[in-house]
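Undergrad: model this:
(2 chains)
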Amino acid sequence: MSSAVETLLFSRSGTSPVEISPQIERVTWPLNQTGQAKMYMPYTDPLCTPDHLRLGNRVYMRFENGLPPFGGVIDLPRQRRTNGIAFTVYTGDRILSWRRTAKTVSFTSTAPGTIYQTLIENANANYGTGIAIGSIYTGGTARTETYHLQNVLDVVLQLQRLSGGEFEVIPVYQKGRLTFLAHWKERIGGDISDETLLVEDRNIEPPAMDEQGPVASRVLCAGGAAGEDGWDDRLVGEDTSTTSRNEYGYREYAEVLTGIFDQTTLDASATSVLDEVGAPRERFTITALNREPATFGDYSVGDTVTVQAFLEHSPLWAVDRALRIVGREWTPADTCRLEFK
Amino acid sequence: MTTPKPWALGNLIVGSEWQGQKGDMFSVLRGARGLPQVEALMVERYGRFPVISGVSRRAQRKTLEVRFTNASTREAYRTLILQQLDTDDEDPFRLTIVDNLLPGLGPEDLVVAFGPWDLYYDGSNWRARGLLEQATATLAGAWSIAPGEGLDLDGGSDACTLTSSDLSGVNAIEVIWKPTEDNTYGTDRYLFDGGSIELYFKAADDKFYLTDGTTTISSAAQTFAAASLQHVVARFSVAGAGEMKLVVNGTETTGLGTVTAFGATCYIGSEATPSKWCRGELVAWRGYDDLTSTQIAYLYAAFSEAGDDPIGNARHLDVGSETVDPLVESGKRTLDLVATLAVDDEVRWRSRDGDYWHWDVTSSGDQETVTVDTEDEVYPVLYITPKAAKTTGLLYKRWVPVVWKADAAVDYPTKLAAMDTASLVETATTTTLNGAVLAGAATITLTDASSFPTVGMAYITDAVNGDEQISWTGKSGNDLTGCTRGIGGTGDVNHSNLDPIAVSKMLANGGDLRVYDSASEIDRWILDPDTATTDVWVVVDYDGAQSTTLEGAMLIGDSVSTLDAGTDISDFPYEGILLIDSEAFTYRGKNDPDQQFLNVTRAVKGTSAAGHADEATIYWIQHDFWIFYGDHTLSAPSPDATVKPIFELDTSNNDSWVYQEFGDSGMNRAGRWVFEVVLGSDAKVLQYTGNQGANADPWAEPGVNIPGDALGYGTDAEGRTYLYNVCGITNANFTNGEYRSAGNIANNNIHEWEIISSIDGITWTVEYTIADPPNTNWQSWSRNEALTSGSKYVALNLDRSSSVNTENLYLEAADCTLTLNTTYTPDATLGSEQSNYPLDCTIANAATGYSIQLQATLDVDDVLQVDTDAKTVTNLTEGENLFGALTQIGGIRRAWLALLDGDNVLTYTETGVVDVDVDLVWDRRYFE
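TA: Okay, the predicted model is just below:
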């Protein structure tokens, strides 16, 4: 039997909670990405009304099985079908995708977390997002950046990727009101590999693993230029990895980062990108069950856990090591598909 | 409207027919087979078909099918969907089965039926829902119902009433009565008093009597034991003259009846002016359109066969319609339709009669053993009613409706009140000290403490040693005992004999003055506590204003359940608070096409019902602001200084903001000004925040500086410090301003020191230009300027267009008063003082280990409904969703507070509780 899930619907301002009974297709919690909950409600449900399923209305889900609460906003696409409405709830960071930065907003030698915080505060000053500032890590390499009418979420995603910091916008339900809290952290989750074990045929089903590229041992990040095609005045940041070169051979990778005109920022960006492409991305797809030795409540996205898989199939390709969870997807069958890095 | 007809059922659910004509539906309900055959009734609330509804719990979905023949998709949808959208129907439709249905009798014959007794509370009265939903009876007095038993009416003010319209068409009644005493009891016992029509058992001769006001017939003398079941059927003539019948336990007496009518209010189980009751249980009470002798014989036979279970085994199943699809048979699509019904959660039949349990809580930790007879766990509806005020906590409250009339706003400072707190610190309840009081003394003797509460706080006026506020925890004669001295920011000092002392409702420093928005406490800033004008400010967000007009006048005495609006209401939220004149309403649901608010409760939040004119404005009240006070145990909160309004709170109000500071480095203070470089670079246009080019934090001046070419900068430059107010700004009065050109101004450059305004922040209008300074010294300026109509921005603007760069320009002002556009500024109205019941209780069930916590601000006698089945929390008295009041202790689960079969020991915990009624109603749940 599936575990209990409580789904609460709120107005656009996060008030007037009512419990709804949608059919839930899946709920996802990706690391440093926007999570989604896909739902369906038949027209005959009394709460399947345009008022209740209004774009921007907030939704909060609580799980009996130990999964963290999911909270977000209803947004497009929304499908009207013969018998009901299929709609998607996105985590709170989706609200940032509805906003743009100012015509010109500049940051000089500013911590990534402070940039993240300022972008949200600026959005709030213009029109409330419902996102409050939470814990902000102000370490990391200071960056010098300029943005022009850019999608705030796109800016945040790039900031996260190039700085190596991590962000999440989590739901906060208190006394009938749902708000969101934005965190910027050095790293989400912790290393719990000593006490958290996912073992094939015990609490995970036989997994699949894909190894993906690109792989590079030298990364170049070119900055912006005065003219559209000008290259003479572009600064270029660079980083290399001997480890990667020894393991995978000499490979180069480059990106153009318009909007960055600072050498330090470009160098730091190259380091972050190298961290991403220095080795093949191992994407495990594992279906986890809510069973010992580690149940759903024992680990979260961002945590590093020990995974034991393929042991019975091939010692050469077996996996028995600490891996970081970078995504989780729950289905009503009460299983979770996990992605690792 | 089509009349419901019986649905044949075999086992769990099997189909029967819904025979229709033309466009009516023909349906078949299908399901699993294999269980004992039972008859079924399709029962719907409010007389509509089909009996389909959304249900509350999920996770396991079973589907049944209902098939529609000769119905178009559109018709089927219309029936299914429109009923679902009719949010007036709060309760779920039900499929009901009973296992002792009578041959030849169907729901069309039964006008009203009680027993099973299906109870609920409507916010004012306990009511019994009729089996067929056509009518509800109103219960009063100290009636009781043990689980699974009949309605017990024994005396006092016990009454169960119907109106004559409820009984319209009734010409016969059937009563199954379980008397408390045997036939020798010395007082008449009434089974029905319907005006001229009365049915009773007479003590003098032990006979049942039936009268229609003209003719009276009686049974033979009866002998029965206490608690024995008596079957009594009476037939009389309301629809037309005819035979009177009185059939007692199968033996019939007849007479010639006279046409009569029911009284306006009809009493079941008692006299109209209750002095004689049935004294026992009304196991069942049913009204029929008519009954033949044969049918009465069937009724008695069924009664006799039923033995101890005369009310049958009525059960229901809540289902929701999920889809309507074409029916495919033998691989071919037909013109028929199949509706899939979903049973959310496990398939459990539920008892048709709700079991009831009353629990009188008088102290924290009270326990009650609630006995439940069920197969599977049940999910009760709790009605929690404070019956007496607490002695501790925030004991007083005042509602503050704020009418917001502008577009959306973020962190908008709002003055809620300028309230008289001096009269709360020193109320009119006064006496004097009886003897000198030393500092630190825990007992204080008064001249007359009779009007002082047992627990409370008071204020001693002492011109010599200084005033002092105290609290106490007990009273003995004229002695206040357990005194805490020097509270509310006062000192603990000596006092003299006969110094005045007055009861306090609030701490002298306002430390217990709290502001809540719905259930959450929010930051508040108070100025001048213990004065006649204590200012209370908050900072909140607003959505865009919504208002409409009332369609049709409303009278003070009108009973209101819907509100018709004169304009589109689609942008109103799906539930909320409305204000018409000074009367507040809550609504839960709306019908946009009909421009109608639904499930409306009037005169809420402590407001009074009033008459309202046609087209009166209906405002949406976005925030449910309450000001609380009266808890001497509280210390002053520390509101978040980083968001405190930047302007002068003591001299400002919602229509006028007075600035002596303009912002700060944190950039979070509400009502702050913003510096902007308009032309040039950050280095060419500078902000400064102190006097004459200096800097200060918070900003003492909204300064703008354009450095001269001595710094090597370019030519054209422009910068401003501006304020945006969404309500609009009509006037700006800048005083104590200064400006300067620190270089040569005699060249051909153009420099402008300006007050500018804007409607949209893009196009700016020059409102006033300060004359060029006569020399390079600082010059004073001030200007009281009316702004262009519609302005939402005002700025001090400094602009330079030059061919030669020599000047170093400054512009600043130390003070500014902005007059806001009162057409759009918020209107806050301080409501009258109300007593407050700060509910904060935990109810735990030892049988399951689960508990719930409830935190809500109620009044004494407010009824909080906690429906652990539908998972709603509602203040029935106010018609308000209080879902946020409930916390599931131990994490979320399928059932908030389930009761198991057998004994359930419930524990109620609440500090300061004196008297709280907890009523529980539940449906038993069966596996089959």
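
Undergrad: could you list the low-confidence segments of the stretch 51-200 of chain A?
TA: When residues are selected by pLDDT under 70, none of them lie in the stretch 51-200 of chain A.

Undergrad: now the strands for the stretch 201-341 of chain A?
TA: Assignment of strands within the stretch 201-341 of chain A using DSSP state E, counting those that start in this stretch yields the ranges A:208-212, A:218-222, A:236-240, A:252-256, A:281-289, A:304-309, A:319-331, A:335-340.

Undergrad: dig out what residue A:338 forms beta bridges with.
TA: Judged by DSSP bridges, the bridge partners of residue A:338 are residue A:286, residue A:328.

Undergrad: repeat for residue B:816
TA: residue B:659, residue B:734.

Undergrad: for chain A, see how far away it is.
TA: Going from residue B:816 to chain A by Cβ to the nearest Cβ, to the nearest Å gives 20 Å. For every residue, glycine as well, the C-beta is placed using N, CA and C.

Undergrad: ok, that residue - how many residues close by?
TA: Counted by other Cβ atoms under 10 Å in any protein chain shown, the residues lying close to residue B:816 total 26.

Undergrad: correct me, but it touches residue B:734?
TA: Yes: using Cβ atoms under 8 Å, residue B:816 is in contact with residue B:734, at 4.9 Å.

Undergrad: and the gap between residue A:266 and chain B?
TA: Residue A:266 is 22 Å from chain B, by Cβ to the nearest Cβ.

Undergrad: the closest residue to that residue other than its chain neighbours: what's it in contact with?
TA: Leaving aside its chain neighbours, residue A:266 sits nearest to residue A:237 (2.8 Å; criterion: Cβ to Cβ, 6 or more residues apart in numbering or on different chains). Residue A:237 makes contact with A:220-223, A:263, A:265-270, according to Cβ atoms under 8 Å, 6 or more residues apart in numbering or on different chains.

Undergrad: got phi/psi on the closest residue to chain B within chain A?
TA: Proximity of chain A to chain B (Cβ to the nearest Cβ) peaks at residue A:176, 1.8 Å away. Dihedral angles of residue A:176 (phi, psi; degrees, to the nearest 10) stand at phi 80, psi 10.

Undergrad: pretty sure it contacts residue B:856?
TA: No: contact criterion Cβ under 8 Å: residue A:176 and residue B:856 do not qualify, at 9.8 Å.

Undergrad: between these two, which contacts overlap?
TA: Common contact partners of residue A:176 and residue B:856 (Cβ under 8 Å, 6+ apart): B:519, B:882, B:885.

Undergrad: overlap between the residues you listed and the residues near chain A?
TA: Counting by Cβ under 8 Å from any Cβ of the partner chain, B:519, B:882, B:885 from the shared contacts of residue A:176 and residue B:856 sit close to chain A.

Undergrad: so can I have CSV of these showing pLDDT?
TA: Output for those, formatted as CSV (pLDDT from 0 to 100):
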residue, pLDDT
B:519, 81
B:882, 93
B:885, 92
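
Undergrad: out of those residues, flag the one nearest to chain A.
TA: residue B:519 (4.0 Å).

Undergrad: quick check: the closest one touching residue B:885?
TA: Yes: applying Cβ under 8 Å as the test, residue B:519 and residue B:885 come out as touching, 6.1 Å apart.

Undergrad: quick check: neighbours shared by these two?
TA: Common neighbours of residue B:519 and residue B:885, using Cβ under 8 Å, 6+ apart, are A:175-176, B:855-856.

Undergrad: re earlier: can I get the ones next to chain A among the shared contacts of residue A:176 and residue B:856 in CSV with distance to residue A:25, neighbour count and secondary structure?
TA: Shown next, in CSV, are these (distance: Cβ to Cβ, whole Å; neighbours: other Cβ atoms under 10 Å in any protein chain shown; DSSP: H, G, I helix; E, B strand; the rest coil):
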residue, distance to residue A:25, neighbour count, secondary structure
B:519, 32, 18, coil
B:882, 31, 25, coil
B:885, 31, 24, helix
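
Undergrad: I'd say residue B:514 and residue B:635 touch.
TA: No: look at residue B:514 against residue B:635 with Cβ under 8 Å: they stay out of range, at 11.5 Å.

Undergrad: these two: who's more crowded?
TA: Between residue B:514 and residue B:635, counted using other Cβ under 10 Å, residue B:514 has the larger neighbour count: 19 against 11.

Undergrad: ok, the more buried one - contacts?
TA: Taking Cβ under 8 Å, 6+ apart as the test, what residue B:514 contacts is B:394, B:521, B:524, B:627-629, B:634, B:637.

Undergrad: same check, this time on residue B:114
TA: Neighbour list for residue B:114: B:128, B:130-131, B:137, B:151, B:268, B:282, B:284-286 [criterion: Cβ under 8 Å, 6+ apart].

Undergrad: give me that answer again for 6 Å
TA: Going by Cβ atoms under 6 Å, 6 or more residues apart in numbering or on different chains, residue B:114 touches B:128, B:285.

Undergrad: what does residue A:298 give?
TA: Contacts of residue A:298 (Cβ under 6 Å, 6+ apart): residue A:196.

Undergrad: tell me how far it lies from residue B:613.
TA: To residue B:613, residue A:298 is 64 Å away according to Cβ to Cβ, to the nearest Å.

Undergrad: got the residues of the stretch 551-700 of chain B near chain A?
TA: B:573-575 (Cβ under 6 Å from any Cβ of the partner chain).

Undergrad: which one of those is nearest chain A?
TA: residue B:574 (4.0 Å).

Undergrad: got the contact list for that closest one?
TA: By Cβ under 6 Å, 6+ apart, the neighbours of residue B:574 are A:51-52.

Undergrad: let's see it at 10 Å
TA: A:9, A:11, A:16, A:18, A:47, A:49-52, A:54, A:57, B:87, B:587-590, B:598, B:881 (Cβ atoms under 10 Å, 6 or more residues apart in numbering or on different chains).

Undergrad: with residue B:922 instead?
TA: Neighbours of residue B:922 in contact, by Cβ under 10 Å, 6+ apart: B:147, B:350-351, B:354-357, B:370, B:372, B:374, B:377-382, B:868-869, B:898-899.

Undergrad: bridge partners for it, pull those for me.
TA: Here residue B:922, judged by DSSP bridges, has bridge partners residue B:355.

Undergrad: how about residue A:123, secondary structure?
TA: At residue A:123 the chain is in helix, as set by DSSP: H, G, I helix; E, B strand; the rest coil.

Undergrad: how many other residues sit next to the nearest residue to it once chain neighbours are set aside?
TA: Take residue A:123 and drop its neighbours on the chain: the residue closest to it by Cβ to Cβ, 6+ apart is residue A:99, 4.5 Å away. Look at residue A:99: counted by other Cβ under 10 Å, it has 19 neighbours.

Undergrad: next: residue B:332.
TA: Neighbours of residue B:332 (other Cβ under 10 Å): 7.

Undergrad: ok, it to chain A distance?
TA: 20 Å.

Undergrad: ditto for residue B:120
TA: 18 Å.

Undergrad: my guess is that residue contacts residue B:383. True?
TA: Yes: with contact defined as Cβ atoms under 10 Å, residue B:120 reaches residue B:383; the gap is 8.8 Å.

Undergrad: those two: who's more crowded?
TA: Neighbours per residue (other Cβ under 10 Å) separate residue B:120 from residue B:383, with residue B:383 holding more: 22 against 19.

Undergrad: touching, that one and residue B:875? I think so.
TA: No: applying Cβ under 10 Å, one finds residue B:383 not in contact with residue B:875, separated by 11.1 Å.

Undergrad: the closest residue to residue B:927 other than its chain neighbours: neighbour count?
TA: Closest residue to residue B:927 apart from its sequence neighbours, by Cβ to Cβ, 6+ apart: residue B:375 at 5.4 Å. Counted by other Cβ under 10 Å, the residues lying close to residue B:375 total 13.

Undergrad: tell me which stretches of the chain form helices.
TA: Looking at chain A here, since you left the chain open. A:112-126, A:152-163, A:242-248, A:263-277 (DSSP state H).

Undergrad: I was after chain B.
TA: Using DSSP H, the helices assigned to chain B run over residues B:73-85, B:293-306, B:422-425.
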